[in-house]
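In: Dropping the sequence and predicted coords here.
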Amino acid sequence: MENTPLQALFTSDIGLLSLFTILFILGMAAYIFFYVRRKVIEETAAHAKSIDKNTQKQSSL
């Protein structure tokens, strides 16, 4: 009976811990990516809005 890498990954304790760790890190990376992406979009919109307000103030003077 030959123990292939996939069998070791899904059947042994250390393999399951490794699989959990890999999935956890991928999940964290996805969370951080979408969190930072959302914050960048929000800050960009706020910055553009403040520039528009400053432009309107200067043009009304």
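Out: Thanks, I have it.
In: Surely A8 and G15 touch.
Out: Yes: between A8 and G15 there is a contact at 4.9 Å, judged by CB atoms under 8 Å. (Each C-beta comes from the backbone N, C-alpha and C, glycine too.)
In: does T55 belong to a helix or a strand, and which?
Out: Assigned by DSSP states H and E, T55 belongs to helix 13-60.
In: which strands and helices sit next to that helix?
Out: Where contact means 3 or more CB pairs under 8 Å, 6 or more residues apart in numbering; DSSP states H and E, helix 13-60 is packed against helix 5-11.
In: what helices or strands is the helix it packs on leaning on?
Out: Using 3+ CB pairs under 8 Å, 6+ apart as the test, helix 5-11 ends up in contact with helix 13-60.
In: Quick one: mean pLDDT for the helix it packs on?
Out: When pLDDT is averaged over helix 13-60, the result is 92.
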